[in-house]
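1. take this sequence and fold it.
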Amino acid sequence: MGRSISDNCQAAPEFKSEIPIKLSKNRFKAEYGSDLIAELIGQMGHEYIFITPGSSFRGVHDSLVNFKGNEKPKIILVAHEEMAVAMAQGYWKASRRPGVAFVHDLVGLQHAVMAFYNAMADRAPIIVLGGAGPMDPAHRRKTDWIHSANAQSNIVRDVTKWTDEPTTLQAILDSMARAQRVATSAPCAPTYISVDAKIQEDKIPDGTTVPDFSLQRFQPPAPIAAPKFQVQAAVEALIEAEWPMIFGGRIGYLAESADSIRNLVEHTGSAYQDGHDIVCMASYHPQNLNCSFGRTKHEYDYKRKFLEKADTIVCIDCLDISNNVGEYEGARNACQKDDKKKHTIIDLSLNDFAIQHWTHLGGPLQPVDIQIQADCLYGVNQLLFELESRTKNNNQYLKRVSERCEELKQIHMKLRADQRCIMKKNWEKVPIYLPRMTAELFESVKSKNWLLASRNYRAWYDGIWEFDGPGQFMSNSIGGGIGYGAAGVIGSALAGREQGKFTVAIIGDGDFTMGPAAIWTAVHYSIPILIVLHNNTSFGNDEEHQITLARQQNRPKENAWIGQRMVGPEPDYCLVAKGYGAFAETPVNDPSELAGAFQRAVEAVEAGKVALVDVHTSLN
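-> Sure, this is the predicted structure:
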C-alpha cells in the first residue's frame, strides 16, 4: 500500500504559529536556485507573499519556509489565485508598497487573470511570479505536460505592463529586479514572470549573483514633472475661469496629498467633486459638492447643474474623464462645447502613457483641451506654485475667488440638507435602507482610527460617512471585476493592521459569494476586519438593467428578478463566515437592530477577530 500524508505528518496540525522547526544550522547558505529567488523577494522589500500552492513552485515554497524561515517574506496562504492577486492589490492600496504573489503554472495563472485586469485598471504595482514548465521536456512529469505552455505569460500579456519567460537562474533574478522597477515606475501596473520549476530545484550555477536593491539602479525613477508651458496654460485658464471645477482621481490614495488638493481648490475658488469611487477631500469642506444620492434623479440633477455652470474643469489623475464631465448616461452632453459656452477641460495625469492595446479601459478619446502630463501630486504642486506666484497681488482675482467660495459654501449646505432630508424620509424602510446602514456603521466606528477598505458606490450618500481627506478610502476593484471584494479588503486590512488602523469594508453579497474563502486567510493570520454585507439577495446592478430594459421595451419589469436573485434558499453568509472561524451572528433584517449588531462586531474586531455582519438591504 502507498503511504498517506498522515503516515508521516499531521493532516491538520494544531495552529499555534508558522515558525518552521528543525531547520538546518547552516540554512543561510543558499544551495538551490529557489533559495536565491526567495532571498531576492525579501531584499526587494516584501514583508509578505500571497500564494495559492502549486507543485510548479514547490522549490520556491520550500525555500521560503526552510531557507528563509518564513519571514521577509512571510507566506500568506490564500485559497484561490484570483484572491491571492487581489489581496496583493488591496495590500498595495493601503500600504503604498508593491504587492507580490506567487501562483501555480498554466492553470493557476488562468484563475488569476481577472485579478490582473483589476490591478491594471487600478494602476497597481503588483509583481506576480508563476511556476512554469519545466521547459526542458526531458524533465516533465505527466501532469507537467498539461500544465506547460510555450509562452505561459501570453495569458496575461494583455493585462500587464511587462512579462518575461527567463531561461536561466541569473535571468530569473534579473527579471525579478526589472519587474519591480517596471511595475513601480509611473504609470504603475502589474508585471509577471514565469519561473521554471527545474531551475528552482537545481543547484546554483557558479557565478550567479543576486541584484543588490540597495543600489539606485533598481529603484523607480523620480516623479515625472510637466513642461512649464503646460502648467502655465492651465493656470491661465483657471485665473480666467468664472466657475472652475476640480475632480480628484487616483491621488485620493495618497494621504500626503491632502494639503495640496485643498490648497488648489481654495486658491482657485473651485467647486470640488471626487472622481468615480474615490475620496480626495474632506466631506465637510464647504467647496466639496459631492452629490451622490444613490443614483437617483436628485443626483443627476445636481451633477447636470454643476457641469452646466462650470467653464473650466480640472481632472486630477482621473481614469475616465468622459465620465467626470458628463458624457455618459444621466448627464449626457452637459459639458459639450457649443457656440454659447466653451468648456476648457484640463487633464493632469499620465493617462496617455498607459496605452491599452486590448481593452477600452478609460473610455473614448478624452475631451481634453490642456494636458498636464505629470505625476499627480507633483503636478498639483507645480500648478500651486505657478498659481500663487501669478495671483499673489491680484486683488481682483482674489475678490472673485472669495465670492465664489461663499457661493459654493451655500450650495454645499443646501446639498447636504437635501441629502439628510431624503435619508430621513426613508430611515425606517424595510428591507433596510442602505444610507441608514452606512450612517449606523459610521456611528459605530467614527471614534476609531478607521480605514474604509471598500464601499458600495451605487448606493452611497455623500456626507453620511465623514471623510477627513485622502488616504482613508481604498476604492473598489476599479476594473469592475466582481469577486475582488473579500480578498481585496483583507489585503488592505493586513496593511491596516501594520498601521494600527481599524479596517472596515462594505461589500455586496454577490461579490462575497465569489470569494468567501478569503475569510479563512484573515482569521488564520489574525487580520482584524469588520466586513458588512449589504445583502439584497441579488446581482443588483444587472437586475436594475433588466428593469430599465423592460421599461424601454414595454415588457413586465416584475420579472427582472429571475436569474438575478439568490433566493430559495437564501445563502446563510453568517454560517459561512463562522465556518471559516469569523465572528458572525444572524442576518440583520430590522433597522433598529443595526446599532447593536455593529457594536458587537466592533468589539470582536477590537479583540483581534474577523467579524461579518449580514444586513438585508433594499435593492437601491
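2. from here on, contacts and neighbour counts on C-alpha atoms
-> Will do.
3. so residue 50 bridges to which residues?
-> residue 76, residue 101 (DSSP bridges).
4. and for it, the neighbour number?
-> 25 (other Cα atoms under 10 Å).
5. that one touches residue 80, doesn't it?
-> No: the pair residue 50 and residue 80 does not pass the contact test of Cα atoms under 8 Å, sitting 10.2 Å apart.
6. hey, what's in contact with both of these two?
-> Where contact means Cα atoms under 8 Å, 6 or more residues apart in numbering, no residue is in contact with each of residue 50 and residue 80.
7. excluding chain neighbours, give the residue nearest to residue 349 in space.
-> residue 317 (4.4 Å; Cα to Cα, 6 or more residues apart in numbering).
8. how close does that neighbour get to residue 282?
-> 18 Å (Cα to Cα, to the nearest Å).
9. burial count for the residue nearest to residue 349?
-> 26.
10. contacting residues for residue 54?
-> Per Cα under 8 Å, 6+ apart, neighbours of residue 54: 103, 104, 105, 108, 131.
11. sketch out the low-pLDDT regions of the stretch 1-150 of the chain for me.
-> 1-17 (pLDDT under 70).
12. now do the chain
-> For the chain (pLDDT under 70), the answer is 1-17, 294-295, 329-341, 458-459, 620.
13. domain assignment for it?
-> 19-218, 228-425, 434-616 (automatic domain parsing).
14. now do the end-to-end distance for stretch 309-318.
-> End-to-end distance (Cα to Cα), stretch 309-318: 21 Å.
15. that stretch: which residues count as buried?
-> 309, 310, 311, 312, 313, 314, 315, 316, 317, 318 (16 or more other Cα atoms under 10 Å).
16. which of those residues sit farthest apart?
-> 309 and 317 (22.3 Å; Cα to Cα).
17. determine which two of the contacts of residue 54 are furthest apart.
-> 108 and 131 (9.1 Å).
18. give me the longest helix you can find in the protein.
-> Assignment by DSSP state H gives helix 395-425 as the longest helix of the chain.
19. same for it, what does it pack against?
-> helix 258-268 (3 or more Cα pairs under 8 Å, 6 or more residues apart in numbering; DSSP states H and E).
20. what residues of the helix it packs on count as buried?
-> Quick answer for helix 258-268 (16+ other Cα under 10 Å): 258, 260, 261, 262, 264, 265, 266, 267, 268.
21. quick revisit: between residue 108 and residue 131, which is the more surrounded one?
-> residue 131 (29 against 21).
22. contacting residues around whichever strand or helix holds that one?
-> For residue 131, the host element (DSSP states H and E) is strand 126-132. For strand 126-132, the external contacting residues (Cα under 8 Å, 6+ apart) are 54-57, 85, 88-89, 92, 98-106, 109, 119, 147-148, 152, 179-180, 183, 189-197.
23. how about a cut-off of 6 Å?
-> 56-57, 98-105, 190-197 (Cα atoms under 6 Å, 6 or more residues apart in numbering).
24. as CSV, could you dump the C-alpha coordinates of it?
-> Listed next in CSV are the C-alpha coordinates belonging to strand 126-132 (Å, rounded to 0.1, in the frame of the first residue of the first chain):
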residue,chain,number,x,y,z
ILE,A,126,1.8,44.1,-8.4
ILE,A,127,4.7,41.7,-9.1
VAL,A,128,3.4,38.2,-9.8
LEU,A,129,5.6,35.1,-10.2
GLY,A,130,4.3,31.9,-11.6
GLY,A,131,5.7,28.4,-11.6
ALA,A,132,6.3,27.1,-15.1
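25. could you pull out the buried residues of the helix or strand where residue 604 lies?
-> Under DSSP H and E, the secondary-structure element containing residue 604 is helix 594-606. Neighbour-count burial for helix 594-606, with 16+ other Cα under 10 Å as criterion, is recorded at 594, 595, 597, 598, 599, 600, 601, 602, 604, 605, 606.
26. for residue 36, which non-adjacent residue is spatially closest?
-> residue 30 is the one closest to residue 36 (Cα to Cα, 6+ apart), at 6.5 Å.
27. any idea how far the one you found is from residue 208?
-> 11 Å.
28. so these two - more neighbours on which side?
-> Between residue 30 and residue 208, residue 30 has the larger neighbour count (other Cα under 10 Å), namely 18 against 14.
29. secondary structure of the more buried one: a strand, I assume?
-> No: checked against DSSP: H, G, I helix; E, B strand; the rest coil, residue 30 lies outside a strand; its state is coil.
30. next, give phi and psi for it.
-> Main-chain torsions, residue 30, degrees, to the nearest 10: phi -70, psi 130.
31. and it, how close does it get to residue 355?
-> 41 Å.
32. what of residue 35?
-> For residue 35, the distance to residue 355 - Cα to Cα - is 36 Å.
33. between these two, point out the one with more neighbours.
-> residue 35 (26 against 14).
34. just checking, that one touches residue 63?
-> Yes: counting by Cα atoms under 6 Å, residue 35 sits close enough to residue 63 to count as a contact (5.1 Å).
35. what about the strands in the stretch 351-500 of the chain?
-> 370-373, 450-454 (DSSP state E, counting those that start in this stretch).
36. return the list of helices and strands in contact with the shortest one.
-> Under the contact definition 3 or more Cα pairs under 6 Å, 6 or more residues apart in numbering; DSSP states H and E, strand 370-373 sits against strand 344-349.
37. partner strands of the strand it packs on, with direction?
-> Partners of strand 344-349 in its sheet, by DSSP bridges: strand 312-316 (parallel), strand 370-373 (parallel).
38. and of these, who's closest to residue 491?
-> strand 312-316 (26.1 Å).
39. distance between the ends of stretch 69-81?
-> By Cα to Cα, one end of stretch 69-81 lies 23 Å from the other end.
40. residues in contact with the helix or strand that the helix holding residue 604 is followed by?
-> Counting by DSSP H and E, the element after helix 594-606 in chain order, helix or strand, is strand 610-616. Contact partners of strand 610-616, identified using Cα under 6 Å, 6+ apart, comprise 523, 528-536, 582-584, 587-589, 601.
41. so among these, which ones count as buried?
-> By 16+ other Cα under 10 Å, the contacts of strand 610-616 give 523, 528-536, 582-584, 587-588, 601 as buried.
42. next step: these restricted to helices.
-> Short answer: these in helices (DSSP H) are 523, 601.
43. so which of the buried ones among the contacts of strand 610-616 are in strands?
-> 529, 530, 531, 532, 533, 534, 535, 583, 584 (DSSP state E).
44. correct me if wrong: the third one contacts residue 507.
-> Think residue 531. No: look at residue 531 against residue 507 with Cα under 6 Å: they stay out of range, at 7.3 Å.
45. any idea how far residue 367 lies from residue 153?
-> Residue 367 is 35 Å from residue 153, by Cα to Cα.
46. comparing those two, which shows the higher neighbour count?
-> Neighbours were counted for residue 367 and for residue 153 using other Cα under 10 Å; residue 153 has more, 23 against 18.
47. excluding its backbone neighbours, what's nearest the more buried one?
-> Counting by Cα to Cα, 6+ apart, the residue nearest residue 153 is residue 163, at 6.3 Å.
48. again, but for residue 328
-> residue 322 (7.1 Å).
49. so the one you found, which state does it fall into?
-> helix.
50. narrow the contacts of strand 126-132 to those in helices?
-> Those of these lying in helices (DSSP H): residue 197.
51. sitting in strands, which of the contacts of strand 126-132 do you find?
-> Reading strands off the contacts of strand 126-132 with DSSP E, I get 99, 100, 101, 102, 103, 191, 192, 193, 194, 195, 196.
52. isn't the third one right up against residue 50?
-> Which is residue 101. Yes: at 4.6 Å, residue 101 and residue 50 qualify as touching, with contact defined as Cα under 6 Å.
53. surely residue 528 and residue 603 touch.
-> No: in this structure residue 528 lies outside contact range of residue 603 using Cα under 6 Å: 10.9 Å.
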